[in-house]
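**Student:** Okay, predicted coordinates and the sequence, questions at the end:
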Amino acid sequence: GGNHTRFEERWGVGDTLEKVVVHRPVGGRGVKHCDQVGQMEWVGSLASYLRQSQITYSSLVQSIMWPCISRLQSVVGVAGPGHGKTLGWVLPLLNSLTDRAQYSQLSAGHAPLAIVLCPGLKCATMVSDTLQDISSKARLGVRMVLACAGARNNEPSDFINGVDVLVTTPARLLHLVGQARLTSMERCCHLVVEEGDRTLPVWHDQVGEIIVSWHKQRGKQDTGVPDQLIMVAERWNTAVEQFTKTFMVESSSPVVILANMLEAVIYGKVELVPTFLTKFSDKVEMLKHLVKERDIAHRLVICCRELKTANMLGLMVAELGEKATVLHSGQDITETRSMMSRWCDTPTNPLVVSDTTLPCLTMVGGDRGTVLIHWDLPTDSKTAFSTRFTFIKSGVRSIFLPSPAQPARVHLLLGPEDAPSMNTVIPFLKRCKVSIPDTLDLFYKAVSLTKAKQSLTVGSPLCFSLTSTGSCTDKTEGRCQARHFLHSELDCPLESDKHSGVIQFMVLRVETPVAYWVRMQDTDTATMYQKLVLGMARYFARSEARKQLAVLERGTLVAAAGSDGVYRRARLERLVYKVRGQMQQLDMVEVFTVDCGETEMVKPSDLSSLPDSLGVEVFPAAPARVMVAGIVAQDMDRRWGMQASMCV
C-alpha cells in the first residue's frame, strides 16, 4: 500500500506537483490532484474505514491517481516501490463498484465488472488480499475471486455465484474465458494491468489479445457504462511504452502519471550527454566550456553534492566574468527560497545547487529551455539524483505530442570518483539508449569486475531466474544485482573439492521446489564448521568486537547478530530505508547468512566487522545451493505457489 505520510512532508516542499509529470491529450479532460482522503467524495463506509485506519493523506502518485480513476479516466501510473501505486487504483475502483446504478445498463450475468491482470502468484495474492481486506472491513460487499497458477483450484461456483473483481494472470484469464468457459469479459468495465513493467514483457501478446477481445465484447454493450483501462508500473520500458501507445492513447480520457523523474527522463527521451574525465583539470575546463558556449536564452543549472563544492563551482563561474546564483545548505531556508525566486524571474546567469538544498525549492521554468549539468553524482540516494531532473521537467516529451514543450539537455561530468554510483548510472544511461563513451564503458567494466571478484569471495550465487528459467528480465533494467556470469573457480571446483560416489548432504533450507541450500555431510566439513562456530562465539563474546559498522555496502561480508543474539557470518543484501519527515533514514538491513543459507532482517546496530581470521579464505562457506534444472512453475511464473511447496 505504500507510505501514507503526507507527501509534502516526504518531499519537504509545498508545491510537490512540480516533481511529478502528468500528461494528457490536447483538449483532453482536465486533471485534478488531491492530497487528502477527506477531499475525495467516496462512499461513507469507505471514508470511515480509511479514517479509522489512519490513512489520511495520499502519496505523490496517489494524489493524481485517486481523482482521475474516480472520474473513470484511463490511467498509466509510474512510481517507485513503496509509493502506493496499488492503493492508487484499489480505493477509487472499490468506490466505483459500490455504485451499482452506473452498471445498470449492462446485460444480466455473473461475469466480473473488473479484471486485474498480474504477472504471477505473488502479485496476484497481494492484490487480492488488499481488495478483500478493504472491502470486508469497509463493509462494501464487493466480491473477489483469485484465479492463477499456484493458488487454490477454483470451483465453478466461484463464478456462478457472481464476481465483481477477478484477479488473475493473462494466461489463466484466456483459459477461463476460452477452454474452461467459466466466465467472460462482456460485463468488464475496468481492466487493470498490475506491475505492467513485469507483466507486459512476458505476456505482451496475450494482454493484447485480451484487450482486443474485451473491446469487441464491450462494443455490444450500451455506451453509458464505464470503459476504463488502468496500468501501474515501477519502470518505463519498451513493453510499457508500446502498450501505452497501442491501447491507452485511444482509451477513455487517458492520463500518464510519472512520479519518478528518472523514469520521466526515459519516457520523455530527454537528451543525455555523458562525459568521462579522469583529470580534475579536464573536468574544470569542460564545465567552463559549457558555461561559455551556452545559449543565453536557455537556463543553465549546475548540480553538485556538497556545500563546499557549490561554493567552488560559484568561483569557477566567476572566473569567466559571470556571477552565479549559488544555493546550498549553509544558507537560511528563507534566503535560499528568495534567491531562487529572483533567479527564476531572470535566469540569465548560471544556477549552482547542492543536493541538500533541492528538497526545499519550488521548481519552475516551463517558459524556456534548460541545460542541466551534473558536476558529480549523489552517493547515498537515488532520490537526490532523481530530484535534480526536476529542472528539465518542461523538456519531457509527452506521448500525446510530437515534440517537448521546451528543449532540454543534460550533461553528466563523470570521473573515477563516481565509481560507487556506476551501478545506478550506467543501467540508467543504457535504458535511455545513450551512446556511452568507450573510456566510461571500460572504467565501468573494470569496476564491475572488481566488485564481482569481491562478491565471489563471499559466495555470491547465480541469479535465481537465470539458473531456473535461463533468462533474467530484471537484469537489463538494473533491478537484479545478482551474479549473471559463470566463474571458473567458483562454478568449476578444484579436483580436490569434487565429490564422487554417494554424496551425503543435509538440507538446510528449501528455498523453492527447485532450489535447496545444503551442507555436505563429511568429516572435514563438519570439523571446519565446528571450529568456525567456536571461533565466532569466542571473538564476539568481547564487547569491543561488537562495534557498529560505519559504512554499509551491498555484497560485503560482515558479522550479524540474529534474532537469537548469536553472531553469524552474513552478506549484506539490501538496505531498507524509512521516510521520516524530510529525511530518509536507514531502518533495517537484509542479510544472507552464508553458513546457514537463510535470509534475515537485522538492525544496523547488529552488524559488526568480521576479522580476517574468520573470513571465507580461512573457513569457506559451508552451504551450497542445489538447483533442479528443467522444471518451472505454471504459466511462466517466477514464483512457486504454496501447493507446490507443500509437496516438497
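**Tutor:** Happy to help now that I have it.

**Student:** Double-check that Arg574 belongs to a helix.
**Tutor:** No - per DSSP: H, G, I helix; E, B strand; the rest coil, Arg574 lies outside any helix segment and is strand.

**Student:** That one contacts Arg554, correct?
**Tutor:** Yes - with contact defined as CB atoms under 8 Å, Arg574 reaches Arg554; the gap is 7.1 Å. Every C-beta, even on glycine, is put in place using the N, C-alpha and C of the backbone.

**Student:** Is Leu413 in a helix, a strand, or coil?
**Tutor:** strand.

**Student:** whoops, I mixed them up, Thr476
**Tutor:** Classification of Thr476 by three-state DSSP places it in coil.

**Student:** Quick check: phi and psi on it?
**Tutor:** Main-chain dihedrals, Thr476, degrees, to the nearest 10: phi -60, psi -20.

**Student:** Please report the distance of it from Ser465.
**Tutor:** 12 Å (CB to CB, to the nearest Å).

**Student:** do the same with Ala633
**Tutor:** With distances taken as CB to CB, Ala633 is found 12 Å from Ser465.

**Student:** Please apply the same query to Cys148.
**Tutor:** When Cys148 is compared with Ser465 (using CB to CB), they lie 19 Å apart.

**Student:** quick one, which of those two is more surrounded?
**Tutor:** Neighbours per residue (other CB atoms under 10 Å) separate Cys148 from Ser465, with Cys148 holding more: 27 against 17.

**Student:** Quick one: end-to-end distance for stretch 544-556.
**Tutor:** In stretch 544-556, first residue to last residue: 21 Å (CA to CA, to the nearest Å).

**Student:** Am I right that Pro274 is in a helix?
**Tutor:** No - if the criterion is three-state DSSP, then Pro274 is strand and not within a helix.

**Student:** start the count at 402, not 1, going forward
**Tutor:** Noted, 402 is the first residue going forward, which turns the last one into Pro675.

**Student:** OK, contacts around it?
**Tutor:** 812-813, 815, 826, 830, 835, 837-838, 841 (CB atoms under 8 Å, 6 or more residues apart in numbering).

**Student:** Which per-residue confidence value corresponds to it?
**Tutor:** For Pro675, the pLDDT comes out at 97.

**Student:** How about Lys854?
**Tutor:** 68.

**Student:** Likewise for Phe408?
**Tutor:** At Phe408, the pLDDT value in this model is 35.

**Student:** now Gln463
**Tutor:** 94.

**Student:** Nearest residue to it in space, please, no chain neighbours.
**Tutor:** Among residues not flanking Gln463 along the chain, Gly489 sits closest, at 4.5 Å (CB to CB, 6 or more residues apart in numbering).

**Student:** could you give the mean pLDDT of the helix or strand harbouring that neighbour?
**Tutor:** Element membership for Gly489 (DSSP states H and E) is helix 486-499. Here helix 486-499 scores 96 as its mean pLDDT.

**Student:** For it, what is the distance to the chain centroid?
**Tutor:** How far helix 486-499 lies from its chain's middle: 21 Å, per CA atoms, centre = their mean, to the nearest Å.

**Student:** One more: stretch 1024-1039?
**Tutor:** Its chain's C-alpha centre lies 24 Å from the corresponding centre of stretch 1024-1039 when counted by CA atoms, centre = their mean.

**Student:** CA atoms only for that stretch, dumped as PDB, please.
**Tutor:** Extracted C-alpha coordinates of stretch 1024-1039, given in PDB (Å, rounded to 0.1, in the frame of the first residue of the first chain):
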ATOM      1  CA  PRO A1024      26.300 -24.400   2.300                       C
ATOM      2  CA  ALA A1025      25.800 -24.900  -1.400                       C
ATOM      3  CA  ARG A1026      22.800 -24.100  -3.500                       C
ATOM      4  CA  VAL A1027      21.400 -27.000  -5.400                       C
ATOM      5  CA  MET A1028      19.200 -26.300  -8.400                       C
ATOM      6  CA  VAL A1029      16.900 -28.800 -10.100                       C
ATOM      7  CA  ALA A1030      17.000 -27.800 -13.800                       C
ATOM      8  CA  GLY A1031      14.300 -28.100 -16.400                       C
ATOM      9  CA  ILE A1032      11.300 -27.500 -14.100                       C
ATOM     10  CA  VAL A1033       9.400 -24.200 -14.000                       C
ATOM     11  CA  ALA A1034       6.200 -23.100 -12.300                       C
ATOM     12  CA  GLN A1035       3.000 -22.900 -14.300                       C
ATOM     13  CA  ASP A1036       2.100 -20.000 -16.600                       C
ATOM     14  CA  MET A1037       5.800 -19.000 -16.700                       C
ATOM     15  CA  ASP A1038       5.500 -17.600 -13.200                       C
ATOM     16  CA  ARG A1039       8.900 -16.800 -11.400                       C
END
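
**Student:** Name the residues of it that are buried.
**Tutor:** 1024-1026, 1028, 1034-1036, 1038-1039 (16 or more other CB atoms under 10 Å).

**Student:** For the residues you listed, which two are the farthest from each other?
**Tutor:** Pairwise distances across the buried residues of stretch 1024-1039 peak at 30.7 Å for Pro1024 and Asp1036 (criterion: CB to CB).

**Student:** Next one: Gly722, what pLDDT does it get?
**Tutor:** 92.

**Student:** Let me know the pLDDT of the residue in the chain sticking out farthest from the centre.
**Tutor:** In terms of distance from the mean C-alpha position of the chain, Gly902 ranks first, at 46.2 Å (CA atoms, centre = their mean). On the pLDDT scale, Gly902 is placed at 83.

**Student:** and it, what helix or strand is that in?
**Tutor:** Counting by DSSP H and E, Gly902 is found in no helix or strand.

**Student:** give me phi/psi at the closest residue to Ser822 other than its chain neighbours?
**Tutor:** Leaving aside its chain neighbours, Ser822 sits nearest to Leu778 (4.1 Å; criterion: CB to CB, 6+ apart). For Leu778, the backbone dihedrals (degrees, to the nearest 10) come out as phi -120, psi 140.

**Student:** Provide a list of residues in contact with Leu778.
**Tutor:** Leu778 neighbours (CB under 8 Å, 6+ apart): 706, 786, 813, 815, 819, 822, 825-826.

**Student:** I'd like to know how far it sits from Lys852.
**Tutor:** 17 Å.

**Student:** Repeat that for Arg700.
**Tutor:** 37 Å.

**Student:** neighbour count winner among the two?
**Tutor:** Taking neighbours as other CB under 10 Å, Arg700 and Lys852 compare with Arg700 leading, 25 against 18.
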